[in-house]
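[1] mind looking at a prediction? Sequence and model below.
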Amino acid sequence: MRYGMMSRLVLLAVPASLVVMAGCSPKVTRTANISEGDYYSAEEFKNLSREQRDAYCADLDDQLAQLNSSAERNQREAKDLSGEFASIDRKVRDLQAKYDASKTEVDGLEKEIDYFESLPRTHVVEDGEFLQKISGYEKIYADPLKWPRIYRANKDKIEDPNLIYPGWELTIPRDWPHSWTVKQDEYLSRIASYWEVYGDGTAWTKIYEANRDQVSDPDMIWPDWELAIPRD
């Protein structure tokens, strides 16, 4: 009788020990490689042992920390890049403003050039005209007082500036001269005083210094000398 009860107790104890042993054995034999994006499925995680879960969670925590660190670094870099882009954008805007201003100036100069190039370089004298009247025309110099330039440019045909005749074709100078052919009764300060030269008689020294190779005495120059007119 006693032997039979002990046998039954042993038989009952064996399944219980098997159950305990089975619960301690891991049901998931593979190891997830988190660094390569390999994770346990929900079913696998449910069947992990405590040790496996602790190790898996520790790996997840490490990966999360790395991702957070990377995110913070990316945010800092993005902020730095944002500052650089803002600086570049300001420079581009400044350059655009300068370009627009320069283009406006160039466009204005081109219009002026087109206008001056369209102005006549000769004028045929009509009945009733005289040098001051011609000089005062808008298309000529728009200033009656500038008539001497027309006179100086046409001395080959005009002996008396008060006497010009219909049909004469007069030259209308347009450029700022870089050279000057000396005419009778001219001297350096007089040449410098012409408005198309410097408009200032005291600037004669510029002409003298630029022509020292032929002008030894500034008080003595001769007709038909070709003098350089420096333009600073």
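    Done, it's in.
[2] and the spatially most central residue of the chain, helix, strand or coil?
    Nearest residue to the geometric centre of the chain (Cα atoms, centre = their mean): Leu95, 3.6 Å. Of the three states, Leu95 takes helix according to DSSP: H, G, I helix; E, B strand; the rest coil.
[3] mind giving me the domain split of this structure?
    In terms of domains, the chain is parsed into 47-118, 120-174, 176-232 (source: automatic domain parsing).
[4] now tabulate these in JSON lines and tack on distance to Glu36 and mean pLDDT.
    Just so you know, the C-beta spots here come from the backbone N, C-alpha and C atoms, and that holds for glycine as well. Formatted as JSON lines, these follow (distance: least, Cβ to Cβ, whole Å; pLDDT from 0 to 100):
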{"stretch": "domain 47-118", "distance to Glu36": "11", "mean pLDDT": "86"}
{"stretch": "domain 120-174", "distance to Glu36": "82", "mean pLDDT": "95"}
{"stretch": "domain 176-232", "distance to Glu36": "76", "mean pLDDT": "95"}
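[5] any chance of a markdown table for these, columns distance to Ala32?
    Below are the domains of the chain laid out as a markdown table (distance: least, Cβ to Cβ, whole Å):
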| stretch | distance to Ala32 |
| --- | --- |
| domain 47-118 | 7 |
| domain 120-174 | 90 |
| domain 176-232 | 84 |
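[6] and the closest residue to Trp195 other than its chain neighbours, how many residues sit next to it?
    Nearest non-adjacent residue to Trp195, counting by Cβ to Cβ, 6 or more residues apart in numbering: Lys146, 6.4 Å away. Applying other Cβ atoms under 10 Å, we find 16 other residues in the vicinity of Lys146.
[7] was I right about Lys146 contacting Gly199?
    No: with contact defined as Cβ atoms under 8 Å, Lys146 does not reach Gly199; the gap is 10.6 Å.
[8] phi, psi for Leu227 please.
    phi -100, psi 140 (degrees, to the nearest 10).
[9] how many residues are close by it?
    Quick note: Leu227 (other Cβ under 10 Å) scores 20 neighbours.
[10] returning to that earlier point: in three-state terms, label the residue nearest to Trp195 for me.
    Going by three-state DSSP: Lys146 is helix.
[11] for Ala101, give its distance to Val92.
    Using Cβ to Cβ, to the nearest Å, Ala101 is found at 15 Å from Val92.
[12] same deal with Ala142?
    For Ala142 relative to Val92 (Cβ to Cβ), the value is 43 Å.
[13] which SSE is Trp180 in?
    Element membership of Trp180 [criterion: DSSP states H and E] is strand 179-181.
[14] elements contacting that strand?
    strand 226-228 (3 or more Cβ pairs under 8 Å, 6 or more residues apart in numbering; DSSP states H and E).
[15] pretty sure Val197 sits in a helix.
    No: secondary structure assignment (three-state DSSP) places Val197 in coil, not in a helix.
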